[in-house]
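[1] Below: sequence and its predicted model.
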Amino acid sequence: MTDSNPLSVNRRDFIKTAAAGAAAFQFAQFPLFGQDAPSNQLKIAGVGLRMGFSNLKNLMGADVVAMADVDSSILSNAAETFPQARLYSTYMEMLDAEDDLDGLVVGTPDHTHAVITMEALRRGLHVYTQKPLTHSIYESRVLTEAAEKSGVIHQMGNQGRSAETIRVLKEWVDDGAIGNITEVHAWTDRPVGGNPWSTFPIVGRPMNEPAIPDTLNWDEWLGPAEYRPYHPIYHPQSWRGFYAFGTGALGDMGCHILDPAFYALDLGAPTAVEGASSHWQEDVEAETYPRASMVRYEFAARGDKPPVTINWTDGRLVPFRPKGLSNDVELPKSGAIFVGDEGVIVHGSHGAGGVRIYPDSLRKAYMPNRPEPYIPRVKGNHETDWLNGIKEGYQPSGSFSYGGPLTEFILLGVLSIRMRNQRLEWDPETLSIPNHEEANKLINPPYREGWDMGTV
C-alpha cells in the first residue's frame, strides 16, 4: 500500500469517518466492509481468553490479529483456534505493539475490567467488555461517562440484550398485556448449580502458599486488587466467589436475568436495596460470597409506571408462585416472573426459554391481539452487533450508556449482600448511601499502589 491509501494512514480514523457518513446515507443497506474481503475486515484483539475466547469466536467477519493472557497455557489453547494471532503476556504489551487495531475484547475477571477498558477508550479503540461492566459502582459510573466522551463504539457482554425475547417482553409490557406491574421475582441456581465455573468456595482466605505456576504472571493477574499470595482456588475457576475479584452469583448472572426487567420497566436507579444471605461464619463472610442470597430492590414510579419491587434469589432459592401461575408450570433454572394486576409473564434467562403469559386464559385472549413487532431486532449475535455498530456508525443495544447503569443497579445489590439485613438508601446523583457509612466505603474501594483507572 502507498500512503495515499487512507487505511494505511490511519485505519481507525478512516473507519470512524466512514461510519459517520454511513449513518447519514443509510449505510446499513450499502456496507462498506465486505465480509468476504480480508482487507476489509476489522482488526480485533482479545485480552482474557478463558471467557473472552468465546466472544472472539462469535466475531464473524472480523480478523483476530492479537491476543493477550497472563496465563500462557490459556493463551496457547486459544492460539490453536486463532493461529494467525500474535500472542502477548499482558494487555499493555499488546496494545503498545499493535498500533493498527480497530477494537478490543475484554474477557478478564471482573476486577480488571475497568482498567483495561479505560485504556482501550484512551487509545480510541472500540471495545467489547464482558459483564458485569466493572467490579465497583464507582468504576461503572466513571467508565460510562468516559465512553460517552470517547467517540468509540462500546458493548457490554450481556448477550440476552440482543435476543428476540427481551424485545417481545417490552412490547407486551408496554402494551399492558398483564396490566400494571408492581413486582418482579428473579432467580438463578448459581452458585451451586449450573455452570461449573460458578462453583464458589465456602472458605476463608487460604493460609497456605503454593508455588506460582510457571505459566502464570500472578502480579499482573491481581491487577488493581490488593496483593495476596497465589492460590489455585482463585485462578482459573473460582475467582467469582471472592469479594476481591468477582461479584458473586448476582454480579455474574444478574446482568442477564435482571436485564429484561431493567429494560421493559424503564427502571433506572433504585431508591433502596436490602440483602440477606446464608453466611454464618465470620472468616468465610469476610472473604467470599454466600451459597445463597436474597436481595430486594425498591423503585419509585416512573412516569405512568407504578412503583415496583424487584426480588432476587440465588443458590437454588426459587421464588414463591404468584397467583395465576399454577403448579404444572415448570420454572426454568434461572429466570424472572413479572407480576401484573391482570396476570404474570415468565421470562427465561439469557433470552432462552422464551417469554410466556399466564394464566392460560389470559394468554389465549391476548395473543391474537398482541402488537406487531416494532422494536428493531438485532442482526446476528451480540458480538456481531458490536462489529456492525463499528462499521455502520451506531451504538449497539448493550452500549455502556445502557450497560453502565444496569451494572450500577446490579452491583448495588451485590453490595447489599455484604451488608446483611441492612436497608440501604441510594442516592444516584451523589453516588452514595446516605444512611450507611460502612456501605459507602464499598462504592469505590481503593486500588493497589501502581494501578490507576484514570479517564479519557
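    Received the coordinates, thanks.
[2] Pick out the residue nearest the middle of the chain.
    When CA atoms, centre = their mean is applied to the chain, the residue found nearest the centroid is K131 (2.0 Å).
[3] list the contacts for the closest residue to that one other than its chain neighbours?
    In this structure, K131 finds its nearest non-sequential neighbour in C255, 3.9 Å apart by CB to CB, 6 or more residues apart in numbering. From N, CA and C alone the C-beta is placed, and that goes for glycine too. Listed by CB atoms under 8 Å, 6 or more residues apart in numbering, the contact set of C255 reads K131, P132, M156, N158, G403, L406, T407, I410.
[4] three-state assignment of C255?
    Of the three states, C255 takes helix under DSSP: H, G, I helix; E, B strand; the rest coil.
[5] pLDDT wise, what is it at?
    Per-residue pLDDT puts C255 at 95.
[6] try M51
    We have a pLDDT of 88 for M51.
[7] What lies in contact with the helix or strand it falls within?
    Taking DSSP states H and E as the definition, one finds M51 inside helix 49-57. Under the criterion CB under 8 Å, 6+ apart, residues 44, 46, 64, 67, 69, 71, 74-75, 77-78, 81-82, 105-108, 128, 130, 157, 236, 383 lie in contact with helix 49-57.
[8] can you rerun that using 6 Å?
    With CB atoms under 6 Å, 6 or more residues apart in numbering as the test, helix 49-57 has contacts from G46, V64, D69, I74, A78, V105, G107, Q130, P236, E383.
[9] what do you get for stretch 204-217?
    Looking at stretch 204-217 with CB under 6 Å, 6+ apart, the contacting residues turn out to be 70-73, 89, 218, 229-231, 233, 283-284, 287.
[10] where's the dip in pLDDT among these?
    D283 (72).
[11] Could you confirm that residue falls within a helix?
    Yes. Assessed by three-state DSSP, D283 belongs to a helix.
[12] burial of it, as a residue count?
    Neighbours of D283 under the rule other CB atoms under 10 Å: 10.
[13] Over to L143?
    Per other CB under 10 Å, the neighbour tally for L143 reads 29.
[14] which SSE is it in?
    helix 137-150.
[15] Would you reformat the contacts of stretch 204-217 as JSON lines and include secondary structure and distance to T112?
    Below are the contacts of stretch 204-217 laid out as JSON lines (DSSP: H, G, I helix; E, B strand; the rest coil; distance: CB to CB, whole Å):
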{"residue": "V70", "secondary structure": "coil", "distance to T112": "9"}
{"residue": "D71", "secondary structure": "strand", "distance to T112": "13"}
{"residue": "S72", "secondary structure": "helix", "distance to T112": "17"}
{"residue": "S73", "secondary structure": "helix", "distance to T112": "18"}
{"residue": "S89", "secondary structure": "coil", "distance to T112": "14"}
{"residue": "W218", "secondary structure": "helix", "distance to T112": "13"}
{"residue": "P229", "secondary structure": "coil", "distance to T112": "18"}
{"residue": "Y230", "secondary structure": "coil", "distance to T112": "16"}
{"residue": "H231", "secondary structure": "coil", "distance to T112": "18"}
{"residue": "I233", "secondary structure": "coil", "distance to T112": "18"}
{"residue": "D283", "secondary structure": "helix", "distance to T112": "26"}
{"residue": "V284", "secondary structure": "helix", "distance to T112": "24"}
{"residue": "E287", "secondary structure": "coil", "distance to T112": "19"}
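[16] buried ones in the helix holding M51?
    For helix 49-57, the neighbour count (16 or more other CB atoms under 10 Å) marks L49, R50, M51, G52, F53, N55, L56 as buried.
[17] Extract the C-alpha trace of the helix or strand just after that helix and format it as CSV.
    On the C-terminal side of helix 49-57, the nearest following helix or strand under DSSP H and E is strand 62-68. Backbone C-alpha positions of strand 62-68 (Å, rounded to 0.1, in the frame of the first residue of the first chain) are rendered in CSV as follows:
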residue,chain,number,x,y,z
ALA,A,62,-13.6,-9.9,11.9
ASP,A,63,-9.8,-10.6,11.9
VAL,A,64,-8.5,-11.6,15.3
VAL,A,65,-4.9,-10.3,15.0
ALA,A,66,-3.7,-10.4,18.6
MET,A,67,-4.4,-12.0,21.9
ALA,A,68,-3.1,-11.5,25.4
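[18] If we go by neighbour counts, what in strand 62-68 is buried?
    Within strand 62-68, the residues that qualify as buried are A62, D63, V64, V65, A66, M67, A68, counting by 16+ other CB under 10 Å.
[19] Nice, that's everything, thank you.
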